[in-house]
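A.B. asks: the sequence isn't on hand, but the structure is:
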């Protein structure tokens, strides 16, 4: 099973369109610093791929990934569907860019589906263009198809809702077309397992907490890619662009007493960071923070990198 990293940036990308912070200015001056919104492409079978999250950069990400490009028939595409870790705009806006398809398969937890259908009215907007085929995402490792070596499971990590869904009522449990609510599954990590080799990758681009279930999943994984939005807990404050700490915004910091770097260093898996905010010093390849991670044996994922399981 092959995994391609399509992007490694938090919301807004690097550079962000309305920002001239050192990270964004550096990315404009040095195109190699640029990062697209965090996403993966995962091979489910020969010629069949799924996106992990559908970002605003989806079109460009597909064009930069040879395995996702259409052909040889004029409208044949290897892109089979989308697996969502949450309902945040930066992870779901790209679904609208798939409207040229006859149908869009979306694998998501019940709260995420409810938010997209009720909060964003995704069904009302897109079904005049394309059929939406919803599939459940739950803790059980389920193959995406009988003949697929790829199994996918969810590890709940947070009850953090996107802002637009803050006031949404829970789905009606008595309504036959609704899923039962599960507040713990608003944000999940994905466990991607190759059933042939037995090797697995754990992907958590948003990590507000480190629950025991996530620790167990990380200990059993061969690759772990996690939320690296902010280097320090006070980064949103010291950068001048925020009024809350990283933790209060739903992202565990990399460094510090409650940081994730030393947790990752204790794992046997290959560990990497993704979802970097434009204020994160790791956007500068020469930043000393890279040395700190190197000494811990932790990496920063790069756009375009390939992982074979």
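C.D. replies: Thanks, I have the structure now. Everything quoted here is computed from the prediction, not taken from an experiment.
A.B. asks: all strands for the chain, in order.
C.D. replies: 2-7, 39-45, 48-52, 79-83, 103-108, 131-136, 142-143, 150-158, 187-194, 200-204, 223-227, 270-274, 299-300, 306-308 (DSSP state E).
A.B. asks: dump the residue contacts of the nearest residue to residue 91 once chain neighbours are set aside.
C.D. replies: With CB to CB, 6 or more residues apart in numbering as the criterion, residue 91 has its nearest non-adjacent residue at 3.9 Å, and that residue is residue 53. Every C-beta, even on glycine, is put in place using the N, C-alpha and C of the backbone. The contact partners of residue 53, taken as CB atoms under 8 Å, 6 or more residues apart in numbering, are 37-40, 82-85, 90-92, 94, 205.
A.B. asks: what's the ChimeraX line that selects buried ones from the residues you listed?
C.D. replies: In ChimeraX syntax, the buried subset of those is picked out as below (16 or more other CB atoms under 10 Å):
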select :37,38,39,40,82,83,84,85,90,91,92,94,205
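A.B. asks: for the helix or strand bottoming out on mean pLDDT in the chain, name the packing helices and strands.
C.D. replies: Using mean pLDDT, DSSP states H and E, the weakest-scoring helix or strand in the chain turns out to be strand 142-143, at a mean of 92. Contacts defined by 3 or more CB pairs under 8 Å, 6 or more residues apart in numbering; DSSP states H and E place strand 142-143 against strand 150-158.
A.B. asks: so what's the gap between the strand it packs on and the chain middle?
C.D. replies: Chain-centre distance of strand 150-158: 12 Å, with CA atoms, centre = their mean, to the nearest Å.
A.B. asks: pLDDT (mean, whole number) over that strand?
C.D. replies: What strand 150-158 shows for mean pLDDT is 96.
A.B. asks: packing partners for it?
C.D. replies: Short answer (3+ CB pairs under 8 Å, 6+ apart): strand 150-158 packs on strand 39-45, strand 142-143, strand 187-194, strand 200-204, helix 212-220.
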